[in-house]
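Participant: Give the three-dimensional model of this entry:
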Amino acid sequence: MAERRTGSPWTTKMSTASLVLIPAAIGINYVGKLFASMLKLPLWLDSIGTCLSACLAGPLVGALSGFLTNLIYGLTMDPISTVYGLTQAGIGIVVGLMAWYGRVNKAPGILLTGLLAGLTAICISTPLNMIFWGGSTGNVWGDAVFAAMGSQGFLASAVDELIVDLPDKIVVLFITAGIYKVLPRSLVSLYQAKDESLD
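Facilitator: Below is the predicted model:
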């Protein structure tokens, strides 16, 4: 994946390429979520676009792509999903920073990034699960563990989230790395070059 970049990852300008990338990332997130739902997988697969946009264009674009995914999903399908935009934003920031500093080039770095993204998701989502769902995640695999732990308490909710999010984010990061590697270099260079930005 991308080599370490120079400069700050916290640029406040959005390039034309980044503005085009965001809706594409949202679409990828939707397809991943639909795929996992249809096959009843023990994973979410709804942050592939978030991670890919973060790797290409940095943490802010990744965070925005993730947050907007859940905002749109919340407005069209499930209102409570909107609050989990915070989780997606957190994932985008973590993955974007790891990619910006060249930590997602090889399998160990991809694995570490997946673990960090998973831990970020657990830290943000567990309190939200407690507030809105009594601690459950809505994933059959994680909720089975939650039930086995008595279906109550922050620890049970965190373990529920861990059962799903850690494997999910590791899988998502390796899928993202695979997609990144087959992207045309001319496309990748649009995000690594200092192209014209929109104020």
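Participant: The residue of the chain most remote from its centre and residue 115, how far apart?
Facilitator: What lies farthest from the middle of the chain is residue 150; by C-alpha atoms, centre = their mean that is 29.3 Å. Taking C-beta to C-beta, to the nearest Å as the measure, residue 150 and residue 115 are separated by 27 Å. (Each C-beta comes from the backbone N, C-alpha and C, glycine too.)
Participant: ok, now residue 35?
Facilitator: According to C-beta to C-beta, residue 35 stands 23 Å off from residue 115.
Participant: ditto for residue 6
Facilitator: Going from residue 6 to residue 115 by C-beta to C-beta gives 26 Å.
Participant: higher neighbour count, the two?
Facilitator: Comparing residue 6 with residue 115 by other C-beta atoms under 10 Å, the one with more neighbours is residue 115, at 14 against 6.
Participant: for the helix or strand where that one lies, packing partners?
Facilitator: Take DSSP states H and E as the rule and residue 115 turns out to sit in helix 107-133. Under the contact criterion of 3 or more C-beta pairs under 8 Å, 6 or more residues apart in numbering; DSSP states H and E, helix 107-133 touches helix 85-100, helix 154-182.
Participant: Just name whatever secondary elements the first one is in contact with.
Facilitator: Put plainly, it is helix 85-100. Applying 3+ C-beta pairs under 8 Å, 6+ apart, one finds that helix 85-100 contacts helix 48-57, helix 59-76, helix 107-133, helix 154-182.
Participant: Could you say which of the helices and strands packed on helix 107-133 is packed most deeply?
Facilitator: Most buried of the helices and strands packed on helix 107-133 by mean neighbour count (mean count of other C-beta atoms under 10 Å) is helix 85-100; its value is a mean of 25.
Participant: Please compute how far that helix lies from its chain's middle.
Facilitator: 6 Å (C-alpha atoms, centre = their mean, to the nearest Å).
Participant: quick one: the residue nearest in space to the middle of the chain from residue 186, how far?
Facilitator: The centroid of the chain falls nearest to residue 47 when counting by C-alpha atoms, centre = their mean (3.7 Å). To residue 186, residue 47 is 26 Å away according to C-beta to C-beta.
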